[in-house]
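In: I would like the atomic coordinates for the input below:
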Amino acid sequence: MPKKKNASLNIHDYRFYPGNKSIRIVAPYFKSFYTVNPRLYIDVFAQYNSETDRFTINSSVGYKLKSGHDFYLAYYHNKQYEIANPFENVPSQNSNVLFLKYTYTFAN
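Out: Numbers count the residues shown, from 1 in each chain. The predicted structure is shown next:
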């Protein structure tokens, strides 16, 4: 069965004038897609952003009932830590979402 994995490290350097201020953002991510059979698949995406100190995970399981009819079970996790105090990692934003989705594609 088809498997796809992808990982990357994105580094962005920004310079602001006047004042020569700069920001470096490091954002590694990992993405994986696995087809269990022609109708069932699993998809996972994880990313970290160093500037906002945010960690995000998206994952879903999809099932094709028949052509044009798709059913998804998805989970989303987002955590951002307080930037003001680097000695305490107290979550300032923490969200978890679990949802079901059904889509129908209209034929032309």
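
In: what about the longest strand anywhere in the chain, distance to the chain center?
Out: Ranked by residue count, the top strand of the chain under DSSP state E comes out as strand 21-37. Put simply, strand 21-37 sits 7 Å off its chain's centre (C-alpha atoms, centre = their mean, to the nearest Å).

In: partner strands of it, with direction?
Out: strand 3-16 (antiparallel), strand 40-49 (antiparallel) (DSSP bridges).

In: list the buried residues for it?
Out: Ala27 (16 or more other C-beta atoms under 10 Å). Every residue, glycine included, has its C-beta placed from N, CA and C.

In: in PDB, could you pull the C-alpha coordinates for that strand?
Out: Extracted as PDB, the C-alpha positions of strand 21-37 are listed here (Å, rounded to 0.1, in the frame of the first residue of the first chain):
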ATOM      1  CA  LYS A  21      16.300  44.300  14.200                       C
ATOM      2  CA  SER A  22      16.100  40.700  13.100                       C
ATOM      3  CA  ILE A  23      14.000  37.600  13.800                       C
ATOM      4  CA  ARG A  24      14.900  34.000  13.100                       C
ATOM      5  CA  ILE A  25      12.000  31.500  12.800                       C
ATOM      6  CA  VAL A  26      12.700  27.800  12.900                       C
ATOM      7  CA  ALA A  27       9.800  25.600  11.900                       C
ATOM      8  CA  PRO A  28      10.400  21.900  11.500                       C
ATOM      9  CA  TYR A  29       7.500  19.700  10.400                       C
ATOM     10  CA  PHE A  30       6.700  16.100   9.700                       C
ATOM     11  CA  LYS A  31       4.000  14.700   7.400                       C
ATOM     12  CA  SER A  32       3.000  11.100   6.900                       C
ATOM     13  CA  PHE A  33       0.300   9.600   4.700                       C
ATOM     14  CA  TYR A  34      -0.600   5.900   4.600                       C
ATOM     15  CA  THR A  35      -3.100   4.100   2.500                       C
ATOM     16  CA  VAL A  36      -4.400   1.000   4.300                       C
ATOM     17  CA  ASN A  37      -6.500  -0.100   1.400                       C
END
